[in-house]
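*Asks:* the following block contains a protein sequence and its predicted model.
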Amino acid sequence: MIVLESMLLPFLLSSLLFAVYSAMGRKSKYSNDIKIENKICDNIKTIVLVLISEIFLGLSIFTKVPVVSIIPAIGFIVYTNTKNLKLLSLWIIPVITIPLIWPVYAISNEFNSWVDGIIYQTERKDITIVDYVKKIFNIDPVFLLLGLVALVFAGIKRDYLVLLWTIPYLIFIAFFGATTRHFHFLVLIPILSIASAKLIIYLSDKISSHLSRQHPQRIQKLSLCFIVSGIVIFGLLSTFSLITINLNSSYFELYGSIVKILPQTGKEENNTKKVTLLGNDNIRNYIWIPKYVLGKDLYSKDANPHNFSKESIKTDEILWIVDRMLARDILGDEKGASLQQIGSIYRDTHTVAKFRQTWPYDRDVYPYTSLKENFGIGSSVQLRANY
């Protein structure tokens, strides 16, 4: 799965980089006999660096809105380096206007779909912020604990960049995002890495000054080498043990069966050969290859009981991806109007194929705890059809 957080990080980090470089012109010192043009050139250089920083931050917010909460952090760096409120005001303009391309385009083209998408995102209630932290702890408890300690250290040392990055972002996704997922943590990885690096340097400096007063720099270099080497070796071993596990074979088998069962529709406008693909909210993952690569046009519909009644089924032929959670809702004791309709459609279908996801390792043992989030197709999936 490709998430927007991984796409916006290069823009966000580039914005931070150029904001830090904006101090280059201000720190230059001149003697009285140096021409004023050199100072003007440095001022222009600062303005250009600030302009590039604001463009990259605007692009990152355009990619995903929660990054708007990081504006104070980058703005703090710009103002600290330039001490110029006018330049800061200039910096904020593209940061706000570039993301406005999205709603302006939506108003002129697909306003209803845009509004429906926003409502869908804000109405989802998958997990709370506490569950979010638990999920991150399952994925990487070592980095999370180190990051939390570094965050406390940043608070003690009044490291405003770290605090202005992490705290507003956590507040935003907790109260305005409606849904917190593990991939939202990607935005915090760079700043927690910076905070952890500062903590490690501080600890190595304290260790070196305590162990040796004659050669503190040598001890500091050795302690840094040991600490960083330990982290690198631990990270490589943990990562290698995970990337060598095959979790995609069952997904490809399911995808292949779907493509094989779907009829060839071409570019026909009628619905006589089209199929509605039903499943949980990840049903859209199975749409784009059959539709845009293989020419097998189809509809998709979320079969979650909370969303099922929002849109009617457009075709007579139905193909279902029924995972364990969906089967539990359909066959459970709870009966509502949507569940009764879903159950009736379910009984009119027959099983075409069954798939199972196998786990080669104990997911309660680190580093395999992260496999709880990379769950593939789930423990058990049925492919059902009425044709």
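*Replies:* Received the coordinates, thanks.

*Asks:* what's the distance between the residue nearest to residue 195 when sequence neighbours are not counted and residue 208?
*Replies:* Leaving out its chain neighbours, the residue that sits closest to residue 195 by Cβ to Cβ, 6 or more residues apart in numbering is residue 150, at 3.7 Å. Any C-beta I mention is one placed from the backbone N, CA and C, and that applies to glycine too. Distance, residue 150 to residue 208, using Cβ to Cβ, to the nearest Å: 19 Å.

*Asks:* between those two, point out the one with more neighbours.
*Replies:* Comparing residue 150 with residue 208 by other Cβ atoms under 10 Å, the one with more neighbours is residue 150, at 24 against 20.

*Asks:* excluding residues flanking it in the chain, which one is nearest residue 341?
*Replies:* Closest residue to residue 341 apart from its sequence neighbours, by Cβ to Cβ, 6+ apart: residue 308 at 7.0 Å.

*Asks:* so how far is residue 279 from that neighbour?
*Replies:* On the measure of Cβ to Cβ, residue 308 and residue 279 end up 11 Å apart.

*Asks:* return every residue with contacts to both of these two.
*Replies:* Residues touching both residue 308 and residue 279 (Cβ atoms under 8 Å, 6 or more residues apart in numbering) are residue 302.

*Asks:* would you agree the residue nearest to residue 341 is in contact with residue 344?
*Replies:* No: under the criterion of Cβ atoms under 8 Å, residue 308 is not in contact with residue 344, lying 11.7 Å apart.

*Asks:* who has more neighbours, those two?
*Replies:* A count of neighbours by other Cβ under 10 Å puts residue 308 above the other of residue 308 and residue 344, at 21 against 9.

*Asks:* residues contacting the more buried one?
*Replies:* For residue 308, the contact set (Cβ under 8 Å, 6+ apart) comprises 301, 302, 338, 341, 342.

*Asks:* can you check residue 360 too?
*Replies:* Taking Cβ under 8 Å, 6+ apart, one finds residue 245 in contact with residue 360.

*Asks:* does it belong to a helix, a strand or coil?
*Replies:* Of the three states, residue 360 takes coil under DSSP: H, G, I helix; E, B strand; the rest coil.

*Asks:* same check, this time on residue 99
*Replies:* coil.

*Asks:* quick one: pLDDT of it?
*Replies:* Per-residue pLDDT puts residue 99 at 88.

*Asks:* what count of nearby residues applies to it?
*Replies:* Residue 99 has 21 nearby residues by other Cβ under 10 Å.

*Asks:* then residue 251?
*Replies:* Using other Cβ under 10 Å, residue 251 has 17 other residues around it.

*Asks:* repeat for residue 141
*Replies:* The number of residues packed near residue 141 is 14, by other Cβ under 10 Å.

*Asks:* and for it, nearest residue in space, chain neighbours not counted?
*Replies:* Nearest residue to residue 141, sequence neighbours excluded (Cβ to Cβ, 6+ apart): residue 366, at 6.6 Å.

*Asks:* give me the element that neighbour is part of.
*Replies:* For residue 366, there is no helix or strand it lies in under DSSP states H and E.

*Asks:* how close does it get to residue 138?
*Replies:* Relative to residue 138, and taking Cβ to Cβ, residue 366 is found at 9 Å.

*Asks:* between these two, which is the more surrounded one?
*Replies:* Neighbours were counted for residue 366 and for residue 138 using other Cβ under 10 Å; residue 138 has more, 19 against 15.

*Asks:* pLDDT score for the more buried one?
*Replies:* Model confidence at residue 138, expressed as pLDDT, equals 78.

*Asks:* which residue is the nearest non-sequential neighbour of it?
*Replies:* residue 369 (4.5 Å).

*Asks:* same check, this time on residue 133
*Replies:* Residue 133's closest residue in space is residue 144 (Cβ to Cβ, 6+ apart), at 7.6 Å.

*Asks:* got the phi and psi for that neighbour?
*Replies:* Torsion angles at residue 144 (phi, psi; degrees, to the nearest 10) stand at phi -60, psi -50.

*Asks:* same question, residue 321
*Replies:* phi -110, psi 100.

*Asks:* got the phi/psi numbers for the closest residue to it other than its chain neighbours?
*Replies:* In space, and not counting its chain neighbours, residue 321 is closest to residue 279: 3.7 Å by Cβ to Cβ, 6+ apart. Backbone torsions for residue 279, taken as degrees, to the nearest 10, come to phi 170, psi -170.

*Asks:* would you map the helices across the stretch 251-387 of the chain?
*Replies:* With DSSP state H, counting those that start in this stretch as the criterion, the stretch 251-387 of the chain has helices at 288, 324-331, 337-347.

*Asks:* want to throw the ones you listed into JSON lines with mean pLDDT and distance to residue 261?
*Replies:* Listed next are those as JSON lines, based on pLDDT from 0 to 100; distance: least, Cβ to Cβ, whole Å:
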{"stretch": "helix 288", "mean pLDDT": "82", "distance to residue 261": "17"}
{"stretch": "helix 324-331", "mean pLDDT": "75", "distance to residue 261": "18"}
{"stretch": "helix 337-347", "mean pLDDT": "77", "distance to residue 261": "17"}
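
*Asks:* tell me the domain ranges of this protein?
*Replies:* Per automatic domain parsing, the domain ranges recorded for the chain read 1-123, 127-244, 249-385.

*Asks:* could you tell me the least trusted of those domains?
*Replies:* The minimum mean pLDDT among the domains of the chain belongs to domain 249-385 (a mean of 77).

*Asks:* send me stretch 162-180 as PDB with only the CA atoms.
*Replies:* Extracted C-alpha coordinates of stretch 162-180, given in PDB (Å, rounded to 0.1, in the frame of the first residue of the first chain):
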ATOM      1  CA  VAL A 162      10.700  19.300  18.200                       C
ATOM      2  CA  LEU A 163       7.800  20.500  20.400                       C
ATOM      3  CA  LEU A 164       6.100  22.600  17.700                       C
ATOM      4  CA  TRP A 165       6.300  19.700  15.200                       C
ATOM      5  CA  THR A 166       5.100  16.800  17.400                       C
ATOM      6  CA  ILE A 167       2.500  18.300  19.800                       C
ATOM      7  CA  PRO A 168       0.300  20.200  17.200                       C
ATOM      8  CA  TYR A 169       0.400  17.200  14.800                       C
ATOM      9  CA  LEU A 170      -0.700  14.800  17.500                       C
ATOM     10  CA  ILE A 171      -3.500  17.200  18.600                       C
ATOM     11  CA  PHE A 172      -4.600  17.500  15.000                       C
ATOM     12  CA  ILE A 173      -4.900  13.800  14.200                       C
ATOM     13  CA  ALA A 174      -6.500  13.100  17.600                       C
ATOM     14  CA  PHE A 175      -9.200  15.700  17.400                       C
ATOM     15  CA  PHE A 176      -9.700  16.600  13.700                       C
ATOM     16  CA  GLY A 177      -8.500  13.600  11.800                       C
ATOM     17  CA  ALA A 178     -11.400  11.300  13.100                       C
ATOM     18  CA  THR A 179      -9.300   8.300  12.200                       C
ATOM     19  CA  THR A 180      -5.700   7.600  13.400                       C
END
